[in-house]
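>>> Predicted model, plus sequence, below.
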Amino acid sequence: MRVRPTGKPHVKPRLGLAYLSACSSACDLSTDTAHRSLHLANCLQLAGFENVIGTLWDSYGDTCSEIASKFYDFLFSKNVSPAGGTPGSVLGYATCVGG
C-alpha cells in the first residue's frame, strides 16, 4: 500500500470510529522495509479517524461477526458503559464478557 502526497494542505475531517473485522487489517505484510508502518488501520488513522479497531492475527469470520455484533450492542447500549464507553474498553468488554 502506498500513500502519495497531494502537495495541497490537508485538513483532517473529524471521524470517530473505523471498525475493521477482516483478518490482519492492522498488520503490515509488505516486504518493503521503507513502508513497514503502513497498513489499513494506520492509513485510516492518518485519514482522520480518532479510533480504529483492527486485527493483528488471522481470525474466523463467525467469531468476528459475533464480536462486532456485541461491540456495537455494548457501544450503543444505555445500560452498559464499560470503563466510560471508549471504543477500546467496549471492545475489551465485548471480547471478554460477551453477553
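Sure thing, it's come through. Numbers count the residues shown, from 1 in each chain.

>>> quick one: the nearest residue to residue 16 once chain neighbours are set aside from residue 86, how far?
With CB to CB, 6 or more residues apart in numbering as the criterion, residue 16 has its nearest non-adjacent residue at 5.8 Å, and that residue is residue 50. In short, each C-beta sits where N, CA and C put it, glycine included. Separation of residue 50 from residue 86 (CB to CB, to the nearest Å): 10 Å.

>>> Likewise for residue 62?
26 Å.

>>> Show the residue spans covered by the strands in this structure.
Ranges of strands within the chain are 15-19, 49-53, based on DSSP state E.

>>> looking at those strands, which is buried most?
strand 49-53 (a mean of 18; mean count of other CB atoms under 10 Å).

>>> which helices and strands does it pack with?
Counting contacts by 3 or more CB pairs under 8 Å, 6 or more residues apart in numbering; DSSP states H and E, strand 49-53 packs against strand 15-19, helix 40-46, helix 87-96.

>>> Nearest to residue 76, out of these?
Closest approach to residue 76 among these (CB to CB): helix 87-96, 9.5 Å.

>>> for the chain, where's the lowest mean pLDDT among helices and strands?
Least confident helix or strand, the chain: helix 40-46 with a mean of 82, by mean pLDDT, DSSP states H and E.

>>> Identify each buried residue in it, please.
Using 16 or more other CB atoms under 10 Å as the test for burial, helix 40-46 gives 40-42, 44-45.

>>> correct me, but the residue nearest to residue 16 touches residue 18?
No - here residue 50 does not reach residue 18: they are 9.2 Å apart, not a contact under CB atoms under 8 Å.

>>> tally of neighbours for residue 67?
Neighbour count for residue 67, taken as other CB atoms under 10 Å: 19.

>>> List the contacts of it.
Taking CB atoms under 8 Å, 6 or more residues apart in numbering, we find residue 67 in contact with 21, 91, 94-95.

>>> okay, the strands of the chain in JSON lines with mean pLDDT and distance to residue 68 next?
Below are the strands of the chain laid out as JSON lines (pLDDT from 0 to 100; distance: least, CB to CB, whole Å):
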{"stretch": "strand 15-19", "mean pLDDT": "85", "distance to residue 68": "7"}
{"stretch": "strand 49-53", "mean pLDDT": "88", "distance to residue 68": "9"}
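
>>> Much appreciated, bye for now.
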